[in-house]
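S.K.: sequence and predicted structure below; questions after.
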Amino acid sequence: MRYTLVPIFYAFLFYKFTMNNFVNLHKTTIIPTEWTKIGLPNNKIRLDFTIMLPQKNINILENALIETSDPNSPHYGKWMNKNAIDSIVYAEPQNFTSVYRWLKSSNINQESCTNTADSIICKTTIKNINLAFLLYACSPRAAGN
């Protein structure tokens, strides 16, 4: 039987950070009706997870994409590569700092994570992930249940 780990911390939404670096989180519990909760997963399993950070300059990126797509624009067809896009939308340094402070409280150290322009990708054990998020092991329901 195949099992899937369903993060109870399904939506991890960041809003603007205040001067005190508070993070607003939104927790939801969404387990599809076709699945059955069967308990907590093995604490020794290692998983990757990604935390998305607020992007900056979305309006600048949108305008650049519109110009690239407009046949009347001098920038028509001059598509940006990932590095160019990342340089526009990169997250503020204090966002990374605040998230790493929170991760540290769950025994997830910065060395087990990788930064991108607008996210943090971490690899750690379920034991540590459960300190930050609550995971359940779930399996598909048998037909007719």
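M.R.: Sure, I can see it. Please read all numbers here as calculations on a predicted model, not as lab measurements. Residues are numbered from 1 along each chain as shown.
S.K.: and the residue nearest the centre of this protein?
M.R.: residue 51 (2.7 Å; CA atoms, centre = their mean).
S.K.: surely it is within a strand?
M.R.: Yes - using DSSP: H, G, I helix; E, B strand; the rest coil, the assignment for residue 51 is a strand.
S.K.: all helices of the chain, in order?
M.R.: Counting by DSSP state H, the chain has helices at residues 58-69, 82-89, 93-104, 126-132.
S.K.: mean pLDDT lowest for which of these?
M.R.: Ranked by mean pLDDT, these bottom out at helix 126-132, with a mean of 84.
S.K.: export it as PDB, just CAs?
M.R.: Extracted C-alpha coordinates of helix 126-132, given in PDB (Å, rounded to 0.1, in the frame of the first residue of the first chain):
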ATOM      1  CA  ILE A 126      10.000  14.400  10.100                       C
ATOM      2  CA  LYS A 127      10.700  14.700  13.800                       C
ATOM      3  CA  ASN A 128      12.000  18.300  13.100                       C
ATOM      4  CA  ILE A 129       9.300  19.000  10.600                       C
ATOM      5  CA  ASN A 130       6.700  18.000  13.100                       C
ATOM      6  CA  LEU A 131       8.000  20.600  15.500                       C
ATOM      7  CA  ALA A 132       7.200  23.200  12.900                       C
END
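S.K.: from the contact counts, what lies against it?
M.R.: Judged by 3 or more CB pairs under 8 Å, 6 or more residues apart in numbering; DSSP states H and E, helix 126-132 is in contact with strand 46-52. All C-beta atoms are positioned from the backbone trio N, CA, C, and that covers glycine.
S.K.: the strand it packs on: which residues count as buried?
M.R.: Residues 49, 51 are the ones in strand 46-52 that count as buried (16 or more other CB atoms under 10 Å).
S.K.: so where's this protein uncertain?
M.R.: 1-29, 134-145 (pLDDT under 70).
S.K.: tell me the domain boundaries of it?
M.R.: Domain assignment for the chain, taken from automatic domain parsing, gives 4-55+90-140, 57-87.
S.K.: I'd say residue 47 and residue 127 touch.
M.R.: No - counting by CB atoms under 8 Å, residue 47 sits too far from residue 127 to count as a contact (10.7 Å).
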